[in-house]
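**Student:** Pasting the sequence and the predicted coordinates here, then a few questions.
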Amino acid sequence: MKRLEQVVLAADLAGTVVFAIEGASAAMHADLDLLGVLVLSFVVALGGGVIRDLLIGAAPPSAVRDWRYPALAFVTGLLTFLFHTRVAAFSAPALTTLDAAGLGLFAVAGAEKALEFRIHPFIATLMGTITGCGGGVVRDMLLARVPMVLVADIYASAAFVGAVVVVVGRRLGWPPALAAVLGALACFALRMAAVTYGWQLPKIAA
Amino acid sequence: MKRLEQVVLAADLAGTVVFAIEGASAAMHADLDLLGVLVLSFVVALGGGVIRDLLIGAAPPSAVRDWRYPALAFVTGLLTFLFHTRVAAFSAPALTTLDAAGLGLFAVAGAEKALEFRIHPFIATLMGTITGCGGGVVRDMLLARVPMVLVADIYASAAFVGAVVVVVGRRLGWPPALAAVLGALACFALRMAAVTYGWQLPKIAA
Amino acid sequence: MKRLEQVVLAADLAGTVVFAIEGASAAMHADLDLLGVLVLSFVVALGGGVIRDLLIGAAPPSAVRDWRYPALAFVTGLLTFLFHTRVAAFSAPALTTLDAAGLGLFAVAGAEKALEFRIHPFIATLMGTITGCGGGVVRDMLLARVPMVLVADIYASAAFVGAVVVVVGRRLGWPPALAAVLGALACFALRMAAVTYGWQLPKIAA
């Protein structure tokens, strides 16, 4: 395997772990049982990618094709359940930072995969956004609440910006690795700045 | 392009615009932010067609294959957000009429596409119904409420009737354009009559 | 048709009927109208299989490919609606027993179909679980409540155990019929024991 591919794989696995921890934590907060914890670990970590793959016609989705991803999500969810007191002790800023990193990675990977499947560049930016946010949306639907991402925060927008950087960079002929790194950084930076400064998208006062 | 195709395209685009306005309005009523408004514009306008395409095996769905449909939905959603006071001034009867027209169109287009993909005629009527109503169902799921269409009103049933007219007409050898027009009219008329006279489907008194 | 196939078909149809009755009953309890009753009959009876088929790349799903399944679900839902007082008189233990039988059957059929599509054995056990439980999850999402299966009870876990028995049995070279029967029995027995003795999965005290 080439060095770049190893980096991508490592980043992808890291993102899966972070998102699975978040899914498991959300499940425990919502008073779900062990099965619910495992399901939400899977859904948050892999749901966005599954939706993307169904939409771009990449069936079966990679989470179904490659058993290592669901296995990693389930093991992470189980460990989060078993050591929940230690996970709860993670500082909120640390989790936010990890989450922003995972978001950037997933957005970039999603946009890249869509381009690979010859999806139109504009749609590819949407697919990147869905890859980053889809898992959280399904989590909120399963918990019977309006998806957080639709209501507040610069979150999906950060994923969208990261995906746009990748797509535009590829159009401009940048090396793929450069486009990917800049896209992930753009998403990460925007998300962290939005959290730090409390940026919000506009809303109509109802 | 032939004249008929132009008419169909115009009608399809008109339906997308009407449903996107409705999605954006629902999002603003539910206090979503700008991103939520855009997502609901997309979901209401194109969600039914996406579900239909996934179910009949037409991957990627046309909303992913053809960037003009999502672009139209997003632009409509954005304009609805920017000019929300003017949109709010539309009279309710005007919106109901436009919505009934959009429903008829989507039901007919959905049934036709299913038949084209050699889906069994009975299933094709269901696919027409899903095309017309699926977007509204996903909207309600995202807003964490029971889909209106399952609870009250002659709405999905009107779409079903329109789809049945198309499927039966094609079986009887009617010209496709005639079957489409009569199907859309049947759906529209039934929906408008149901609204006007307050018709409801039966329900078990719980 | 061979004797075994006839048995499988009969069992599959029986499971569809049981789950459709449950979907219709849930819809009537939630005050849905006749259309809602029919939709929930379809969703509970066939939703798990549809999700499985989309995930393993078996498009169109068998519920769309073979009109007899949706027709059976709708007719069952309609009869449940018309004769709701009689259905309500079914004893709870009888319904629980039928449901456990349906669960075992669907879990086994789902795992088998995934193996047929050359899905990895570990993923095939998940596909069996989803086949058994997916319909109920979508039902709860449509009713805007947290899926019961994520919160309490040994239900999805029983489906998972049944699917594991099938997959392991096939790996060990058992005759397919034996693996299927033992898998369904394992699921059924575990579910009934869990109901009888009030077994629950562990949960973190929030």
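**Tutor:** Received it, and whenever you're ready, just let me know what you need.
**Student:** secondary structure class for the spatially most central residue of chain A?
**Tutor:** Nearest to the mean C-alpha position of chain A, by Cα atoms, centre = their mean, lies residue A:132 at 3.3 Å. Following DSSP: H, G, I helix; E, B strand; the rest coil, residue A:132 is assigned to helix.
**Student:** from memory it sits against residue A:111, does it?
**Tutor:** No - if you go by Cβ atoms under 8 Å, residue A:132 and residue A:111 don't touch, sitting 9.5 Å apart. Any C-beta I mention is one placed from the backbone N, CA and C, and that applies to glycine too.
**Student:** what residues do these two have in common as contacts?
**Tutor:** Common neighbours of residue A:132 and residue A:111 are listed as A:162, A:163 (criterion: Cβ atoms under 8 Å, 6 or more residues apart in numbering or on different chains).
**Student:** show me the contacts for the residue nearest to the centre of chain A.
**Tutor:** Neighbours of residue A:132 in contact, by Cβ under 8 Å, 6+ apart: A:48, A:103, A:104, A:106, A:107, A:110, A:156, A:159, A:162, A:163, A:187.
**Student:** try 7 Å
**Tutor:** Contacts here follow Cβ atoms under 7 Å, 6 or more residues apart in numbering or on different chains; on that basis residue A:132 touches A:48, A:103, A:106, A:107, A:110, A:159.
**Student:** and the helix or strand containing residue A:140, which residues are buried?
**Tutor:** Here residue A:140 sits within helix A:121-142, counting by DSSP states H and E. Residues of helix A:121-142 classed as buried: A:121, A:123-142 (neighbour count, 16 or more other Cβ atoms under 10 Å in any protein chain shown).
**Student:** One more: stretch A:30-50?
**Tutor:** Of the residues in stretch A:30-50, A:30, A:32-50 count as buried by neighbour count, 16+ other Cβ under 10 Å.
**Student:** Give me the subset of these lying in helices.
**Tutor:** Applying DSSP state H to the buried residues of stretch A:30-50, the entries found in helices are A:34-50.
**Student:** For the closest residue to residue A:169 other than its chain neighbours, give me its contacts.
**Tutor:** Spatially, and ignoring its direct neighbours in sequence, residue A:169 is nearest to residue A:179 (3.2 Å; Cβ to Cβ, 6 or more residues apart in numbering or on different chains). When contacts are counted by Cβ under 7 Å, 6+ apart, residue A:179 touches A:165, A:166, A:169, A:170.
**Student:** now the host helix or strand of residue A:179: mean pLDDT?
**Tutor:** Assigned by DSSP H and E, residue A:179 belongs to helix A:176-197. Average pLDDT, helix A:176-197: 95.
**Student:** That helix relative to helix A:121-142, how many degrees between them?
**Tutor:** Calculated by axes from the mean of the first three to the mean of the last three Cα atoms, to 10 degrees, helix A:176-197 forms an angle of 50 degrees with helix A:121-142.
**Student:** Just give me how far helix A:176-197 sits from the chain centre.
**Tutor:** Centroid separation for helix A:176-197 versus its chain: 13 Å, with Cα atoms, centre = their mean, to the nearest Å.
**Student:** residues of it that come out buried?
**Tutor:** For helix A:176-197, the neighbour count (16+ other Cβ under 10 Å) marks A:179-184, A:186-188, A:190-192, A:194-195 as buried.
**Student:** go on, stretch A:111-123?
**Tutor:** A:111, A:112, A:113, A:114, A:115, A:117, A:119, A:120, A:121, A:123.
**Student:** got the CA positions of it in PDB?
**Tutor:** Once non-C-alpha atoms are left out, stretch A:111-123 reads as follows in PDB (Å, rounded to 0.1, in the frame of the first residue of the first chain):
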ATOM      1  CA  ALA A 111     -17.000  14.300  -2.200                       C
ATOM      2  CA  GLU A 112     -14.100  12.200  -3.500                       C
ATOM      3  CA  LYS A 113     -16.100   9.100  -3.800                       C
ATOM      4  CA  ALA A 114     -18.900  10.800  -5.600                       C
ATOM      5  CA  LEU A 115     -16.500  12.300  -8.100                       C
ATOM      6  CA  GLU A 116     -15.000   8.800  -8.600                       C
ATOM      7  CA  PHE A 117     -18.500   7.600  -9.500                       C
ATOM      8  CA  ARG A 118     -18.800  10.400 -12.100                       C
ATOM      9  CA  ILE A 119     -21.400  12.300 -10.200                       C
ATOM     10  CA  HIS A 120     -21.700  16.000 -11.300                       C
ATOM     11  CA  PRO A 121     -19.400  18.200  -9.300                       C
ATOM     12  CA  PHE A 122     -22.300  20.200  -7.800                       C
ATOM     13  CA  ILE A 123     -24.000  17.100  -6.600                       C
END
